[in-house]
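Enquirer: Mind folding the following:
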Amino acid sequence: MDIFWLNWLLLAGVFFLAVISPGPDFVVAVKNAIMGSRKIGVMTALGFAVGVCVHTGYTLIGLATIIAQSVLVFNLIKYVGAAYLLYMGIKALRSKGFEMVQDDLGANPVLMTPLQAFYNGLLTNILNPKATLFFLAVFSQFITPETPMIVQVGYAATCAIICFLWFTAVSFVLTDWLIKQRFLRFSKTIDRLCGGFLIALSVKLALSKA
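Expert: Predicted coordinates:
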């Protein structure tokens, strides 16, 4: 059992580093938290976490091997993900900024519903080839035929929980009223930067090789 705990610590450490590194999830998390509300940020984080469950799920049931051995499947995932990032980037570039609709309490601008934020986070994570490659290259290394199913589920749950907690923390920080007001003054610039970064990521992913 000691080897399982060691693998758990290693997996948690590697996954945490992967989660906090800049990527599509982080860009979307920052954008939704700043331009939306704390609830929107948390629901986006939940979407990311469920996306992680999808990735770990197909790894656990053996689809990782199929994808790894199929150039066609790999390229399909890659191009679909790149197209989605390109769409999000173009949409952000065309944005005219975010108009504040405030009441006497200084309410947040309503840009999307919590359910839309959840699906936004879910699709961003699921269609991110970086996440797919991570679980194919790293997560599957901790799973062997001798690994009990309960341990495998524990590994998967750990990744989902780390993802949710990290991006929830990001949303709590960025939805602080003072921090948010400063960011909202530059909402159009922030949207342009996020859009440009997403487009750059989509091009990089589309040109990457299996």
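Enquirer: Please count neighbours and contacts with C-alpha atoms only from this point.
Expert: Noted.
Enquirer: right, and R38 touches F172 too?
Expert: Yes: counting by Cα atoms under 8 Å, F172 is a contact partner of R38 at 6.2 Å.
Enquirer: more crowded one of the two?
Expert: Comparing R38 with F172 by other Cα atoms under 10 Å, the one with more neighbours is R38, at 22 against 16.
Enquirer: does F118 really touch T44, like I thought?
Expert: Yes: applying Cα under 8 Å as the test, F118 and T44 come out as touching, 4.7 Å apart.
Enquirer: of the two, who's got more company?
Expert: Set F118 next to T44 and count neighbours by other Cα under 10 Å: T44 wins out with 32 against 23.
Enquirer: Wait, the more buried one touches T113, no?
Expert: No: the pair T44 / T113 is not scored as a contact, 10.5 Å apart, by Cα under 8 Å.
Enquirer: For V52, grab the count of nearby residues.
Expert: 26.
Enquirer: show me what contacts the nearest residue to it once chain neighbours are set aside?
Expert: Distances taken as Cα to Cα, 6 or more residues apart in numbering place A160 nearest to V52, at 5.5 Å, with adjacent residues excluded. For A160, the contacting residues are A49, V50, V52, C53, by Cα atoms under 8 Å, 6 or more residues apart in numbering.
Enquirer: Repeat that for K39.
Expert: K39 neighbours (Cα under 8 Å, 6+ apart): P114.
Enquirer: element containing it?
Expert: For K39, the host element (DSSP states H and E) is helix 38-60.
Enquirer: who are the neighbours in contact with the spatially most central residue of the chain?
Expert: Residue closest to the average C-alpha location in the chain (Cα atoms, centre = their mean): D25, at 3.1 Å. Neighbouring residues of D25 by Cα under 8 Å, 6+ apart: F48, G121, T124, N125.
Enquirer: three-state assignment of it?
Expert: On the three-state scheme (DSSP: H, G, I helix; E, B strand; the rest coil), D25 is labelled helix.
Enquirer: roughly how far apart are it and L178?
Expert: 24 Å (Cα to Cα, to the nearest Å).
Enquirer: now swap in N128 and tell me
Expert: For N128, the distance to L178 - Cα to Cα - is 32 Å.
Enquirer: thinking in terms of the whole chain, how far from its middle is the helix holding K39?
Expert: Centre-to-centre, helix 38-60 and its host chain are 7 Å apart (Cα atoms, centre = their mean, to the nearest Å).
Enquirer: do the same with stretch 128-139
Expert: 12 Å.
Enquirer: Could you do stretch 154-169 as well?
Expert: That offset, for stretch 154-169, works out to 11 Å (Cα atoms, centre = their mean).
Enquirer: If we go by neighbour counts, what in that stretch is buried?
Expert: Y155, A156, A157, T158, C159, A160, I162, C163, F164, F167, T168 (16 or more other Cα atoms under 10 Å).
Enquirer: Nearest to Y58, out of these: which one, please.
Expert: Ranked by distance to Y58 (Cα to Cα), those are led by A156 at 10.7 Å.
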